[in-house]
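1. Prediction below, plus the sequence it came from.
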Amino acid sequence: MTSNIRYKSRIPVKTEENAEEKQYVGFATLPNQVHRKSVKKGFDFTLMVAGESGMGKSTLVNSLFLTDLYKDRKLLNAEERINQTVEIIKHTVDIEEKGVKLKLTIVDTPGFGDAVNNNECWKPITDYIDQQFEQYFRDESGLNRKNIQDNRVHCCLYFIPPFGHGLRPVDVEFMKALHEKVNIIPLIAKADCLTPNEIKKLKDRIREEIDKFGIKVYQFPECDSDEDEEFKQLDKELKECTPFAVIGSNTVVEARGQRVRGRLYPWGIVEVENQSHCDFVKLRNMLIRSHMHDLKDVTCDVHYENYRAQCIQEMTSKLAQDNRMESPIPILPLSTPDVETEKLIKMKDEELKRMQEMLNKMQQQMHDKDQ
Amino acid sequence: MLVGFVFVCVPQNEEKRNLSLGGHVGFDSLPDQLVSKSVTQGFCFNILCVGETGIGKSTLMNTLFNTMFENEEASHYQNGVYLRPRTYDLQESNVHLKLTIVDTVGFGDQINKEDSYKPIVDYIDTQFENYLQEELKIKRSLFNYHDTRIHICLYFIAPTGHSLKSLDLVTMKKLDSKVNIIPIIAKADTISKSELHKFKIKIMSELVSNGVQIYQFPTDDEAVSEINASMNAHLPFAVVGSVEEVKVGNKTVRARQYPWGVVQVENESHCDFVKLREMLIRVNMEDLREQTHARHYELYRRCKLEEMGFKDTDPDSQPFSLQETYEAKRKEFLGDLQRKEEEMRQMFVNKVKETEAELKEKRERSLHDKFEQLKRMHQEEKRKVEEKRRDLEEEMNAFNRKKVAAETLSLSQPLKKDKDKKNRSVKTENQSAVSASSSKVMMAKANVEPLNCQSWWQAIQCCTCLVHNAAWKPGGLF
């Protein structure tokens, strides 16, 4: 169920009754107008994928958007990775579906967690996100605001390896460094190495550890109370399924008479889009079909606003710092005009005092000289 | 227990002749005797499992030996890597095996993994060291010694499908000269066949290009050379471990049940578990022990002894005997020891002298202080005594004066005395207590201060200007 379909189905139909005709104003077509305009404008979405190499990030992205973004990729050897630093690589594609255009940007983070010493390996990533915020902030405060390019990262998919017993220290540190800057959606990668029992145990474990460490992952918005039961049920299931255990595939195999994306094993075929095999469908629905816009909204309204407020605070406190002489009490960052004038007066007082002292000194010198 | 043949050094000028036997002697039972001896002694085998937390080390051990070794799940949040050895006694038919499984807890979990290999290398070296110490003992019992040297290191590689991790490469390079390494791909049910083929090739090429020496199954023994050679080509083994039983067809096998199928552990087309078990346990266990002793342990021993300064040959190429070297070292060591003793003794003597001097000084000072104090006290007392004496003298003088005055008065006014005894007693009393110059003052004083006493005796005693001697009575006592 996509939002536009929902809206479409809500438009009241003109009935035969005259009374209704007289009361119909017509602004119920607003959603339609919004729909038209947005189709014309096109959408953009920036998705970041982070996790150790070999977790299946590229494969999953290919499966999600049914394209091949990573055609000529060069993978590093183990030796080269001993001292590898994290890079940020952007891939941008324009895809279209039923007249709706989407400019999709995938931000890749090769090298994360691959070196032997991974101290602060998330720093390039946080720097990148801050950079995008800063650029948007500058553009927003600029004079010509017609064509602002929104490069802010809307969502970050974090791939947790399924081989362990839960979150590892590097996972915890990464998520804690990023949870206030971007929407984090944790995923269990390569879930075809876990039996259903093991998946459940691991999910419970990860959820527990996320609570324990106070990591704020992306929360699905509560559905309105006037939604129908089916939708509410789906929503509840979705929430209980996090973190999603996903499997990705670049290959198409033949299973049960159909050609599906899947992985061929001697003991069976894993279908990527089979709900009983993995949560790929749930992830796709959530990410693309129902919550894409919500992700963008949260990024704009929460993360970006936090960044902006912090930025402004820092700027004003820096200004105050440059101006103040000697004050044992820290000056409030949001200085009101009264405090400003007081500060000026204080400044002037100090200057006067200094001049007085100088004068005294000179007088003393003259006095000594006379003597 | 070391199984091997002792080669007798044959000097080159002696002829070795092959003789044929006329009948059955029976020394072809020598191997059997050896075998039965070793069976009674029991075997021991030590496995080291190196891999990330949760990669399946304990499960694989359980699957390999078809038993449940007790094991708690390790947490990801250890501060460092530490090794956990556990020893078990297993028995199959009549063969006893003392199995030690060493687990690396916390490997690969830290954010900074630069020192992760150190605890492992230290553990292996410690086991070698213990054996060396036992070997060098005077009273040794090697046949009884519980050999804890690691015979095989199973290195668990995560099934990423791309290549080795950087940590894997670094660790294996540090371990390859100390222990036999067999790399295995863990949790191999996540890699499809085609990916697996590429993955194995990539891993082997990386190991070769970085000069990591992994264990090669021996191909010199004809009985097993063929199978070993073919197995060598299958390295690293892609294994799946499971202790759960699943019903497949009409059998119950150890397997993992997925929604899309069942991965059977002992199915050769599903994974290489059977190959690993064959190679590790059924065919080459003894060779692994031999290699550990003959190659890795010897290397360690040589390095260690060279470090300590032992050499096999003199600078003049004369063979050094261990005994001479040992004696020389011992002398040196004893000399050192003696020197140190001297130093310490000297230091001790110096310290004693210092302390004595200190004490002496202290004592002197305290004595001096005491002396000063006593002197002062003495002076104080002397002064007080002087004062008292002066007071006493003054009083005596005063008394004398009074006496004189009273005498003169009594001589000059005899009538007055007879008339008013009481008054006179007071007056004369007062008068007599005063010298001539101050008599008036005293009299005035006496008038001003009324006397509260009821008797002459009391009056004498209570008046401050009276003399102590009560026997004196100018006017007469009652």
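-> Arrived safely.

2. can you tell me the residue of the stretch 201-350 of chain A closest to chain B?
-> For the stretch 201-350 of chain A, the residue positioned closest to chain B under C-beta to the nearest C-beta is residue A:268, at a distance of 2.4 Å. C-beta here means a position set from N, CA and C on the backbone, and glycine is covered the same way.

3. give me phi/psi at that residue?
-> Geometry field for residue A:268 lists phi and psi as phi 160, psi 180, criterion degrees, to the nearest 10.

4. you'd agree it is up against residue B:264?
-> No: counting by C-beta atoms under 8 Å, residue A:268 stays clear of residue B:264, with 11.6 Å between them.

5. Which of the two has more residues huddled nearby?
-> Applying other C-beta atoms under 10 Å in any protein chain shown to residue A:268 and residue B:264 shows that residue B:264 carries more neighbours, namely 22 against 18.

6. Show me where the stretch 251-400 of chain B has its helices.
-> With DSSP state H, counting those that start in this stretch as the criterion, the stretch 251-400 of chain B has helices at B:273-277, B:285-291, B:298-308, B:322-412.

7. quick one on the thing from earlier: what pLDDT does the model give the residue of the stretch 201-350 of chain A closest to chain B?
-> Per-residue confidence for residue A:268 comes out at a pLDDT of 88.

8. and it, what does it touch?
-> Contact partners of residue A:268, counting by C-beta atoms under 8 Å, 6 or more residues apart in numbering or on different chains, are B:258, B:260, B:261, B:262.

9. Assign the one residue in the stretch 1-150 of chain A that gets nearest to chain B to one of the three secondary structure states.
-> Closest to chain B within the stretch 1-150 of chain A is residue A:54: 2.4 Å, counting by C-beta to the nearest C-beta. Taking DSSP: H, G, I helix; E, B strand; the rest coil as the rule, one finds residue A:54 in the coil state.

10. Okay, it and residue B:375: tell me how far apart.
-> From residue A:54 across to residue B:375, the span is 94 Å (C-beta to C-beta, to the nearest Å).

11. These two: who's more crowded?
-> Neighbour totals were compared for residue A:54 and residue B:375, and residue A:54 leads with 20 against 10 (other C-beta under 10 Å).

12. Skip the chain neighbours and tell me the closest residue to the more buried one.
-> Leaving out its chain neighbours, the residue that sits closest to residue A:54 by C-beta to C-beta, 6 or more residues apart in numbering or on different chains is residue B:160, at 2.4 Å.

13. Contact partners for that neighbour?
-> If a contact means C-beta under 8 Å, 6+ apart, then residue B:160 has A:52, A:53, A:54, A:55 as its contacts.

14. Could you do residue B:265 as well?
-> By C-beta under 8 Å, 6+ apart, the neighbours of residue B:265 are B:63, B:240, B:241, B:242, B:253, B:254, B:255, B:256, B:271, B:273.

15. ok, 6 Å please
-> Residues in contact with residue B:265 (C-beta atoms under 6 Å, 6 or more residues apart in numbering or on different chains) are B:240, B:242, B:254, B:255, B:273.

16. That one - nearest residue in space that isn't next to it in sequence?
-> With sequence-adjacent residues excluded and distances taken as C-beta to C-beta, 6+ apart, residue B:265 is closest to residue B:254, at 4.5 Å.

17. quick one on the thing from earlier: just the ones in strands from the contacts of residue B:265, please.
-> B:254, B:255 (DSSP state E).

18. Show me what from chain B comes close to chain A.
-> Within chain B, the positions lying close to chain A (C-beta under 6 Å from any C-beta of the partner chain) are B:53-55, B:73, B:76, B:109, B:111-114, B:158, B:160-164, B:166-167, B:169-170, B:187, B:189-190, B:192, B:206, B:210, B:256-263, B:269-270.

19. Just the buried residues from those residues, in PyMOL please.
-> A single PyMOL command selects the buried members of the residues of chain B next to chain A (16 or more other C-beta atoms under 10 Å in any protein chain shown):
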select buried, chain B and resi 53+54+55+76+109+111+113+158+160+161+162+163+164+166+167+169+170+187+189+190+192+206+210+256+257+258+260+261+262+263+270
